[in-house]
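1. Got a predicted structure here, sequence first:
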Amino acid sequence: MKTIINAALAPSPVGPYNHSVLAGDTLYVSGQIAINQSEGRIILDNIEDETHQVMKNIGYILAEAGMTYENIAKCSVFVADMEQYGRSNAVYGTYFNEATAPARELVQVSNLPKYVNVEISCIAVR
């Protein structure tokens with residue numbers, strides 16, 4: 001049994017998918033990019049602001065499912081330019097502490113949806 005969970009504050013999906021799917025106690029969150037739903041624009045000013053917006057979008061989805069960043073067990077991070085990794089990682093790290101930081105992989109890819117610089121998906125558990 002699975003439950004579809006979409007969050008009004010997160011940007012509408014840009015394809016045939018939902019924000020997240022809850023299966024048992026596990027929440028699978030689709031990749032999020034830096035679309036600011038309230039402003040209706042993609043945040044591309046700098047990698048720091050872009051990463052913050054991605055993490056905020058993930059937070060909206062987690063909240064809709066009754067979870068927080070502490071529930072995240074694993075993140076997948078995709079960047080368009082590994083040279084920006086350090087700056088993006090510094091922002092990403094502010095959402096976790098050592099005791100609650102999830103498992104993670106980070107890979108550079110040749111392109112991302114809407115030509116953004118970072119996309120993050122995650123798996124959270126209750």
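-> That came through, no problem.
2. Which residues outside stretch 94-112 are in contact with it?
-> Applying C-beta atoms under 8 Å, 6 or more residues apart in numbering, the contact partners of stretch 94-112 are 33, 55, 59, 69-70, 72-82, 85, 89, 93, 118-119, 122. All C-beta spots, glycine's among them, are computed from the backbone N, C-alpha and C.
3. Val79 contacts Asn89, correct?
-> No. Counting by C-beta atoms under 8 Å, Val79 does not reach Asn89; the two are 9.3 Å apart.
4. Those two - which one has more neighbours?
-> More crowded of Val79 and Asn89, by other C-beta atoms under 10 Å: Val79, with 22 against 15.
5. Give me the buried entries from the contacts of stretch 94-112.
-> 33, 55, 59, 69, 72, 75-80, 85, 118-119, 122 (16 or more other C-beta atoms under 10 Å).
6. now, which of these lie within helices?
-> With DSSP state H as the criterion, helices contain 55, 59, 85 from among these.
7. In JSON lines, list those along with pLDDT.
-> What follows is these, written out as JSON lines (pLDDT from 0 to 100):
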{"residue": "Met55", "pLDDT": "98"}
{"residue": "Gly59", "pLDDT": "98"}
{"residue": "Tyr85", "pLDDT": "95"}
